[in-house]
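Q: Predicted structure and sequence below. I'll ask about it afterward.
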Amino acid sequence: MKAQSSLELLITLSFGLIILLPIVVLAFIQISNSTSTLSTTEAQAVVNKLASVAMAVGSQGPPAKQLTALQMPNNVKAIYVGTLSNGVGHQIIIVVNTNAGPSYITAYSAVNVSGNLVSITSPGSYYINVSSQNACPSDTAIPCVYIYPT
């Protein structure tokens, strides 16, 4: 009698786990997708802020400078300022690792931008210097807005 009730309880619990397990797996998949979407959204806010500050500083011309605070999201693989080789260009690009692979989050700047932000890919708060230059450090023949960490 005791063995029969134990077996019935074991079978009942097994059916409950069989039903519950797919629900838990789906919940973990949704949480993973939400985290990826959140990182991408936060990265878009970061590049938009950098581009906006770069345009404001660039419109004032040298020797204008501004210190800006950024909150770097999770899953950032790389940051490029200007071009993908960190040369002088018009884009600020953050590469974020997502479930579907790397995602390139880009903002356009009307002024030439260049910089080196390779040291700030870890999540956290950073202060970034944005300064207008007569001669860009990466190409001295071109004026630009140079973006670098403090």
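A: Arrived safely. Given the structure is predicted, the values throughout are model-derived calculations rather than measurements.

Q: all helices of the chain, in order?
A: Counting by DSSP state H, residue ranges of the helices within the chain are 2-60.

Q: pLDDT weak spots in it?
A: Along the chain, segments meeting pLDDT under 70 span 1-2.

Q: Go through it and flag its longest strand.
A: Longest strand in the chain by number of residues, with DSSP state E as the criterion: strand 101-115.

Q: What strands flank that strand, and is each parallel or antiparallel?
A: strand 89-98 (antiparallel), strand 144-149 (parallel) (DSSP bridges).

Q: most tightly surrounded among these?
A: Most buried of the strands paired with strand 101-115, by mean neighbour count (mean count of other CB atoms under 10 Å): strand 144-149, with a mean of 24. Where you see a C-beta, it was placed from the backbone N, CA and C, and this is true even at glycine.

Q: Taking their axis directions, that one and helix 2-60 sit at what angle?
A: 140 degrees (axes from the mean of the first three to the mean of the last three CA atoms, to 10 degrees).

Q: Quick check, Gly115 in contact with Thr83.
A: No - between Gly115 and Thr83 there is no contact under CB atoms under 8 Å: 10.9 Å.

Q: of the two, who's got more company?
A: Neighbours per residue (other CB atoms under 10 Å) separate Gly115 from Thr83, with Gly115 holding more: 27 against 15.

Q: Contact partners for the more buried one?
A: 81-82, 86, 146-148 (CB atoms under 8 Å, 6 or more residues apart in numbering).

Q: Against Leu9, how distant is it?
A: Separation of Gly115 from Leu9 (CB to CB, to the nearest Å) stands at 65 Å.

Q: Then Gly82?
A: Separation of Gly82 from Leu9 (CB to CB) stands at 66 Å.

Q: neighbour-wise, which of the two wins?
A: The neighbour comparison of Gly82 against Leu9 (other CB under 10 Å) goes to Gly82, with 26 against 10.

Q: Give the bridge partners for the closest residue to that one other than its chain neighbours, please.
A: Leaving out its chain neighbours, the residue that sits closest to Gly82 by CB to CB, 6 or more residues apart in numbering is Gly89, at 3.8 Å. On the basis of DSSP bridges, Gly89 is bridged to Val113.
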